[in-house]
Structures are given as C-alpha cells and as structure tokens.
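Student: Kindly return the folded structure for what I paste below:
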Amino acid sequence: SCRGISIQYSSNSIGTKGGFWVGWRNSLKMSCIHACCNFLILLVEESNGLLWYLCLTYGEPVLAMRHPKWEWLSEWLNRNTNSHFIIMGDINQVDYHADKVGSSNSVLEGADWFNEWKGNINLVDVLFKGSRFTWTNNRKGGDRIMEKLDKAYISMDLFSHFPEVGVKHYAIHLSDHASIELALHLTKEMTKRPYKLEAWSFGYEECVDHLRNTWKEEVQGSSSYRLAR
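Tutor: Next comes the predicted model:
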C-alpha cells in the first residue's frame with residue numbers, strides 16, 4: 001500500500017545499471033537537494049531539530065571511473081553539509097578480503113584508495129545484520145563469486161547521535177543483489193542475531209566437509225543439548 005507515501009524523486013537507469021526511486025511518508029521532513037545518475041542526496045530533519053544528509057549511491061562499476069565520482073562526493077559534502085551524513089547503496093567496491101569469496105584473484109582493486117578516501121572524510125562502517133554477502137554472479141560451484149557491495153557508512157559526527165545504527169541484509173532472491181535496510185536503532189536487536197546456513201554455501205566442498213566433520217564430533221549431554229552444539 002502506498003497510502004500516505006509522497007513519491008518525490010526518481011532517476012532513470014542506464015540500461016540495466018543504476019536508477020533511483022525514493023518515496024517517504026508525508027509526515028517526514030525530508031527533501032531532495034541533489035540528484036544525478038550516481039548520487040541522490042536527501043536532507044532529513046529530525047523531530048529534535050537535528051539535520052543530516054542521506055546520500056543514496058550507485059557506485060561506478062568501472063574502476064577507472066570511480067575515483068572522480070567519490071572525489072566529487074567528498075567535495076560536495078564538505079561544501080554543503082554539517083558533517084552529519086550517511087552514504088548508503090550499491091557501492092560497487094569491496095573494502096576487505098572478508099567481504100569477498102569465490103575468486104582466485106586475491107587483489108581487491110580499488111580497495112586501498114577507497115579505504116583511504118573513507119578515512120579522509122571520517123566515515124565509519126555501519127554494522128550489519130544478516131548474510132555478509134549482498135551480491136552474487138549467480139554461478140554455481142567453483143565459479144560462484146559473492147561480495148559485499150551493498151552497504152552503508154556514517155560520518156563520525158552523526159554516529160555520535162545514532163550509536164545504535166545498523167543495516168539489515170536480506171536474502172538474494174530475484175536479483176543478483178540483496179535488499180538492504182537502514183535502521184537508526186538496530187544495535188540492541190543485533191545482539192539477538194540467529195545463525196543461519198544459506199543454500200549457496202553448499203556449493204563449496206570445504207563447507208560441506210566442515211559440516212560433515214563437525215556433525216561427527218562427540219558431545220556429552222542430553223539429546224537436545226548435543227543437537228544444539
């Protein structure tokens with residue numbers, strides 16, 4: 001249902017890439033102050049008068065084109081904001097080796113520069129709940145690649161106002177990307193996070209071997225305790 005939703009801004013995709021659609025309830029004080037093919041920047045006013053900026057992002061998939069886009073964003077944020085902002089979306093950049101699995105290439109192209117860029121504008125990685133990986137190449141077995149491309153970062157200044165901020169990662173279904181959801185108060189809920197086994201892990205023999213070997217381990221106690229362990 002879209003009742004009570006004010007559809008304000010959209011940006012068309014280029015082929016199968018990019019594109020934004022943003023809607024929000026009429027009761028929220030939010031306005032779009034910049035829109036282009038890579039960034040949609042919204043100004044949010046909290047009930048206590050706090051102003052902050054939400055930058056919805058489609059990162060450039062071509063490595064050579066990324067640096068100018070991120071440099072433009074940092075310059076825009078420095079000129080136009082009060083250092084209270086969140087950057088969120090399809091970043092199209094893997095930050096750390098733990099955020100990628102399934103490729104024989106151990107080099108994370110662009111990661112060193114991007115992490116330095118984040119440090120220069122005092123960004124903090126927003127904690128997440130759910131599966132680590134948000135993108136897959138939809139191949140099977142040894143050809144499968146999974147990466148954490150969809151995520152959020154928060155400025156240090158804004159983090160002091162929202163220390164419980166977090167992002168929920170949903171399962172990858174119809175698209176090659178997972179949906180993600182930003183919550184400004186998620187930390188307490190994350191402490192109750194269940195551990196789940198996702199179907200894609202069975203495509204890797206080392207995962208199957210680990211499960212098989214662990215299942216054979218001897219555990220003392222009641223039947224329910226042994227099963228839980």
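Student: From here on, just use CA atoms for contacts and neighbour counts.
Tutor: Fine.
Student: In which helix or strand does the residue nearest to Gln220 when sequence neighbours are not counted reside?
Tutor: Among residues not flanking Gln220 along the chain, Arg226 sits closest, at 6.7 Å (Cα to Cα, 6 or more residues apart in numbering). Per DSSP states H and E, Arg226 falls inside helix 223-228.
Student: hang on, Lys151 in a strand?
Tutor: Yes. Read with DSSP: H, G, I helix; E, B strand; the rest coil, Lys151 is one of the residues of a strand.
Student: quick one: the residue nearest to Gln220 and Lys216 touch, right?
Tutor: No. Using Cα atoms under 8 Å, Arg226 is not in contact with Lys216; the gap is 11.0 Å.
Student: Looking at those two, which one has more neighbours?
Tutor: Arg226 (13 against 8; other Cα atoms under 10 Å).
Student: On the pLDDT front, check that one for me.
Tutor: pLDDT recorded at Arg226 is 78.
Student: With Val165 instead?
Tutor: pLDDT, Val165: 94.
Student: Check Lys192 too.
Tutor: Per-residue pLDDT puts Lys192 at 51.
Student: got the contact list for the most centrally placed residue in the chain?
Tutor: Residue closest to the mean C-alpha point of the chain, counted by Cα atoms, centre = their mean, is Lys151 at 1.4 Å. Each residue near Lys151 by Cα atoms under 8 Å, 6 or more residues apart in numbering is listed here: Met88, Gly89, Asp90, Ile91, Val126, Val167, Ile180.
Student: what's the average pLDDT for the lengthiest helix in the chain?
Tutor: Looking only at the chain and at elements set by DSSP state H, the helix with the highest residue count is helix 63-80. Mean pLDDT, helix 63-80: 93.
Student: Wasn't Val208 part of a strand?
Tutor: No. Judged by three-state DSSP, Val208 forms no part of a strand; its state is helix.
Student: Measure how buried the residue nearest to it when sequence neighbours are not counted is and give me the count.
Tutor: In this structure, Val208 finds its nearest non-sequential neighbour in Phe202, 6.0 Å apart by Cα to Cα, 6+ apart. Applying other Cα under 10 Å, we find 15 residues neighbouring Phe202.
Student: same question, Trp113
Tutor: 12.
Student: returning to what we had before: phi and psi next, for the residue nearest to Val208.
Tutor: Backbone torsions of Phe202, given as degrees, to the nearest 10, read phi -70, psi -10.
Student: Also the one 3 residues further on?
Tutor: Summarising the backbone geometry of Glu205 under the convention degrees, to the nearest 10, its torsions are phi -60, psi -30.
Student: Flag the shaky bits of the protein, pLDDT-wise.
Tutor: Along the chain, segments meeting pLDDT under 70 span 1-19, 187-200.
Student: And the helices in it, which stretches?
Tutor: 63-80, 111-120, 156-159, 187-190, 205-215, 223-228.
Student: looking at the ones you listed, which is buried most?
Tutor: helix 156-159 (a mean of 18; mean count of other Cα atoms under 10 Å).
Student: Show residues contacting that one.
Tutor: Contacts of helix 156-159 (Cα under 8 Å, 6+ apart): Trp52, Ser83, His84, Phe85, Asn122, Leu123, Val124, Val165.
Student: ok, now stretch 75-89?
Tutor: Everything outside stretch 75-89 that qualifies as a contact, by Cα under 8 Å, 6+ apart, is 51-58, 150-158.
Student: Mind giving me the PyMOL command for buried ones among those residues?
Tutor: In PyMOL syntax, the buried subset of the contacts of stretch 75-89 is picked out as below (16 or more other Cα atoms under 10 Å):
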select buried, resi 51+52+53+54+55+56+57+58+150+151+152+153+154+155+156+158
